[in-house]
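S.K.: Take this sequence and fold it.
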Amino acid sequence: MSTISKITKEHYEWRSQIIKLAKADIVKTYSGSALGWAWAIVKPTITILVFWFAFSIGLRMGGKVEGYPFILWLIAGLVPWFFMNEIIVQGARSIRKYKYLVTKMKFPVSTIPTFVSLAKLAVHLCLMVIVIVIFAVYGRLPGIYILQLPFYMLCMLLFFMAWSLFSAMLSSMSKDFLNLVKSVTTALFWLSGIMWDVHKIELEWLKQILLFNPITYVSSGYRNVFIYKTWFFEEPTALLCYCVSLAVMTILAIWSYRKLIREIPDVL
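M.R.: Just a heads-up that it's a prediction; the model follows:
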């Protein structure tokens, strides 16, 4: 409890600096290029078009889903992955990236993964505005179900903030852990139900395992908003599994922070 209290206090006392550093992280990420902020949109757009072409034109597997064009189904689940993919890796390397805040300044280490996560969330919000516009162009706005979109965003942010703190602490101590994280992101993409419909899995035990995967929960949640028109409380088992995953990750984050906080400045 003392560790939780310390982390909470650091976030409250440094809240204005966290916001400023989140803005600075965005600027730093896209500075030095002619297109600047546009790359935050260009890169995911190219990825979406490549997958759409591969599945709809090449493999001819992109039929309609629940009456929606495949491209809309694809966008609904793929856009949250862009945030999760970024924060899985960037969250893990956040303390190493901003090690000068640890070694040269008296800056609370626990807040570094937080402002990196908020920076990625800002980009995600911009992408979501574009997604809503695309659905509007197709005449397929989610209606009242869009009210639960902030809930899924919050679920995504909370879990990956906890992940960022946990992984950043370990990555600061060992580059091997960071390399491991980088190597598993592709596997997570293909195993988490982003490119296929989780609802169609016939093996019940496999479906239950996937329910504990927060990537699957968030991606499916976004599709519940835009495609399946399902409220989050209509799937209590999935919500419970997510809460268990969040609790476990939070415990791991607090444990790693408590064990490693004193050693990190010397290691960096």
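
S.K.: The spatially most central residue of the chain: what secondary structure?
M.R.: The structure's the chain has its C-alpha centroid closest to M84; by C-alpha atoms, centre = their mean the separation is 2.4 Å. Classification of M84 by DSSP: H, G, I helix; E, B strand; the rest coil places it in helix.

S.K.: doesn't V218 make contact with it?
M.R.: Yes: the pair M84 / V218 is scored as a contact, 6.9 Å apart, by C-beta atoms under 8 Å. For the C-beta atoms, the positions are set from N, CA and C on the backbone; glycine is no exception.

S.K.: who touches both of these two?
M.R.: Counting by C-beta atoms under 8 Å, 6 or more residues apart in numbering, the shared contacts of M84 and V218 are M156.

S.K.: Now R262. Its backbone dihedrals?
M.R.: R262 has phi and psi values of phi -80, psi -20 when expressed as degrees, to the nearest 10.

S.K.: Please tell me how far it sits from V102.
M.R.: Note on R262: its distance to V102, by C-beta to C-beta, to the nearest Å, is 12 Å.

S.K.: pLDDT weak spots in the stretch 101-250 of the chain?
M.R.: Applying pLDDT under 70 to the stretch 101-250 of the chain flags no residue at all.

S.K.: on that earlier part again, identify the residue spatially nearest to the residue nearest to the centre of the chain, adjacent ones excluded.
M.R.: I215 (5.7 Å; C-beta to C-beta, 6 or more residues apart in numbering).

S.K.: ok, that neighbour - contacts?
M.R.: Residues near I215 by C-beta under 8 Å, 6+ apart: 81, 84, 188, 192-194.

S.K.: ok, of those residues, which one's closest to F70?
M.R.: Checking the contacts of I215 against F70 with C-beta to C-beta, the nearest one is I194 at 13.7 Å.

S.K.: Check the secondary structure at the closest one for me.
M.R.: Assigned by three-state DSSP, the conformation of I194 is coil.

S.K.: give the contact list for it.
M.R.: Counting by C-beta under 8 Å, 6+ apart, I194 makes contact with 77-78, 81, 215, 219.

S.K.: could you pull out the helices for the stretch 151-268 of the chain?
M.R.: For the stretch 151-268 of the chain, the helices defined by DSSP state H, counting those that start in this stretch cover 175-191, 204-211, 214-223, 236-260, 264-267.

S.K.: correct me, but L165 touches T111?
M.R.: No: shown here, L165 and T111 do not form a contact pair, counting by C-beta under 8 Å, at 9.5 Å.

S.K.: the more surrounded of those two?
M.R.: For L165 versus T111, the count of surrounding residues by other C-beta atoms under 10 Å is larger for L165: 28 against 20.

S.K.: about what we covered before: more neighbours: which of R262 and V102?
M.R.: Set R262 next to V102 and count neighbours by other C-beta under 10 Å: V102 wins out with 20 against 8.

S.K.: what's the helix or strand for that one?
M.R.: helix 99-103 (DSSP states H and E).

S.K.: what's that helix packed up against?
M.R.: Using 3 or more C-beta pairs under 8 Å, 6 or more residues apart in numbering; DSSP states H and E as the contact test, the elements touching helix 99-103 are helix 264-267.

S.K.: on that earlier part again, so which of the helices of the stretch 151-268 of the chain is the most surrounded?
M.R.: Among the helices of the stretch 151-268 of the chain, helix 214-223 has the highest mean neighbour count (mean count of other C-beta atoms under 10 Å), at a mean of 26.

S.K.: Could you tell me the angle between that helix and helix 236-260?
M.R.: 140 degrees (axes from the mean of the first three to the mean of the last three C-alpha atoms, to 10 degrees).

S.K.: Return the distance of helix 214-223 from the chain's centre.
M.R.: Computed by C-alpha atoms, centre = their mean, to the nearest Å, the chain-centroid distance of helix 214-223 equals 10 Å.

S.K.: likewise stretch 141-161?
M.R.: Relative to its parent chain, stretch 141-161 has a centroid offset of 12 Å by C-alpha atoms, centre = their mean.
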